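Chemist: Mind folding the following:
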Amino acid sequence: MDHIADIPDQLLGYLSHQLNEMPLFMPVTAENRDEMRGQLRAAFVQFSTEVEQRTEALLQRWVEVTIGAATRLPSIDAVYVSIWDGGISVRAACKWNVELRVAFDIASIDVDGLECCEREYVELPDGTQIELDSQAETPDEIPAMAVVPEVGDVIYHLDQHGQPSETTSTITAIGPQSLHGGICRVYNDNDQPIDVVRAPGHDPADGRRAWLEYRLAG
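Modeler: A predicted model of the protein is given here:
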């Protein structure tokens, strides 16, 4: 499956390099060499018992760095749209970084009296809508990243007439993302490449996201 980037090897190489280049913690002498070996081993064991917490903390920091970079790169004017309480639409001006797929500089708006935010997306100048992974964020200068497929998400396929059907498959690998719009290339459990767009109204109750097969007209 040559479409899958060998990310684990890249990360292992990166982490190994960082460890090898780590500044000297304290001098290692003939007298304390064995003790230092034991302390290092104990530290690595401690890390191994905290994998989930440390993974989430590091990932969150990398996300924040990515968002920070987005604010310094060329962007386009767009509209941040949130749908509340069964259909009330709230629109706010924002900036959209096309390359990193992040919305930022979201104008402050008044949502007092609104209770349940059901959907959030960015609307580009050509009308393209890009679903956002809001995680209960509000459009108050908080950057928001585009929703991207994850392994295990559900694909709803189109029928022979190009209409949504009840036929589904499961995403098993992620391919490249479109830099414009919400189209993503994924692979299903038959190793078949499929272009998909978000289908938020079909999300399963188990927490996975739903995606709709996308085909170019004609």
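
Chemist: Could you count how many residues lie near residue 129?
Modeler: Using other Cβ atoms under 10 Å, residue 129 has 16 other residues around it. Quick note: C-beta positions are derived from backbone N, CA and C, even for glycine.

Chemist: That one is in contact with residue 146, isn't it?
Modeler: No - using Cβ atoms under 8 Å, residue 129 makes no contact with residue 146, being 10.7 Å away.

Chemist: and residue 62, helix, strand or coil?
Modeler: helix (DSSP: H, G, I helix; E, B strand; the rest coil).

Chemist: ok, it - how many residues close by?
Modeler: Neighbours around residue 62, by other Cβ under 10 Å: 10.

Chemist: pLDDT score for it?
Modeler: pLDDT recorded at residue 62 is 78.

Chemist: tell me the contacts of it?
Modeler: Under the criterion of Cβ atoms under 8 Å, 6 or more residues apart in numbering, residue 62 has no contact partners.

Chemist: so how far is residue 55 from it?
Modeler: Distance, residue 62 to residue 55, using Cβ to Cβ, to the nearest Å: 11 Å.

Chemist: In the longest strand out of those in the chain, which residues are buried?
Modeler: Longest strand of the chain, by residue count under DSSP state E: strand 164-177. Buried residues in strand 164-177, defined by neighbour count with 16 or more other Cβ atoms under 10 Å: 169, 171, 172, 173, 174, 175, 177.

Chemist: Give me the contacts around that strand.
Modeler: 1, 3-4, 101, 148-159, 183-193, 199, 211-212.

Chemist: Partner strands of the next helix or strand after that strand and their direction?
Modeler: Downstream of strand 164-177, the first helix or strand assigned by DSSP states H and E is strand 184-188. Strands that pair with strand 184-188, judged by DSSP bridges, come out as strand 164-177 (antiparallel), strand 193-198 (antiparallel).

Chemist: right, and these - which one's nearest residue 109?
Modeler: Proximity to residue 109 (Cβ to Cβ) singles out strand 193-198 among these, at 23.1 Å.

Chemist: how about the closest one as PDB, C-alpha atoms only?
Modeler: Below are the C-alpha coordinates for strand 193-198, written out as PDB (Å, rounded to 0.1, in the frame of the first residue of the first chain):
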ATOM      1  CA  PRO A 193      -9.300   5.100  -3.800                       C
ATOM      2  CA  ILE A 194     -12.300   7.300  -3.200                       C
ATOM      3  CA  ASP A 195     -12.800  11.000  -3.100                       C
ATOM      4  CA  VAL A 196     -15.200  12.100  -0.300                       C
ATOM      5  CA  VAL A 197     -16.800  15.100   1.300                       C
ATOM      6  CA  ARG A 198     -18.300  15.500   4.700                       C
END
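
Chemist: returning to what we had before: turn the strands paired with strand 184-188 into CSV, including distance to residue 32 and mean pLDDT.
Modeler: Listed next are the strands paired with strand 184-188 as CSV, based on distance: least, Cβ to Cβ, whole Å; pLDDT from 0 to 100:
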stretch, distance to residue 32, mean pLDDT
strand 164-177, 47, 85
strand 193-198, 56, 86
